[in-house]
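>>> Predicted structure and sequence below. I'll ask about it afterward.
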Amino acid sequence: METHSTDFNWTNDQWVETTYTLDQYVVQDVSDNDDLRGFFCTAEDPVTSGYGSVSANRCFNSSMVGEQATVAGTTSCCVYYESDGITIISVTCSCGFIDYSFIPTGESVLSRTYAVPEFNPGDRRDSLVLSVGKCSVIAK
């Protein structure tokens with residue numbers, strides 16, 4: 001799978017498409033790490049719904065490759081499991097105006113939509129970003 005990103009900057013009262021270098025992130029489950037989990041993120045054990053799906057809220061941290069992970073990069077995510085409650089199918093996270101979803105050894109999608117006009121008074125607009133990429137597991 002190829003990686004792609006499309007981005008828009010607000011320039012001269014209009015959205016202008018631009019290209020950024022794709023960033024690489026390390027995303028890890030920090031539900032059992034008090035230093036990175038922080039006080040605001042709570043984690044659960046996987047539960048099976050009445051429809052047979054298995055999911056749980058977990059705490060995930062994302063940091064750029066080569067940078068130190070900090071509690072500021074932690075958010076609550078919904079994790080979907082195989083019926084064994086151990087094997088992860090996918091993870092979906094939302095932190096403010098940044099959303100990301102991924103399959104641990106497959107596709108990933110990141111979107112930043114915090115440029116919504118009502119949140120930015122006047123003519124100020126932040127960049128809009130949509131990136132698709134791939135994930136792989138890093139051995140411990």
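Noted; the coordinates are in hand.
>>> Show me where the chain has its strands.
Remark: strands assigned in the chain by DSSP state E are 4-11, 14-18, 25-29, 47-48, 54-64, 74-81, 88-95, 98-102, 107-112, 128-134.
>>> Can you list the strands that the first one pairs with?
Strands flanking strand 4-11 in the sheet, each with its direction: strand 14-18 (antiparallel), strand 128-134 (antiparallel) (DSSP bridges).
>>> Okay, buried residues for that strand please.
5, 7, 8, 10 (16 or more other CB atoms under 10 Å). For every residue, glycine as well, the C-beta is placed using N, CA and C.
>>> Please list all residues in contact with the third one.
If you count contacts by CB atoms under 8 Å, 6 or more residues apart in numbering, residue 8 has them with 15, 16, 17, 18, 115, 127, 128.
>>> Nearest to residue 73, out of the residues you listed: which one, please.
Set against residue 73, the nearest of the contacts of residue 8 by CB to CB is residue 127 (18.9 Å).
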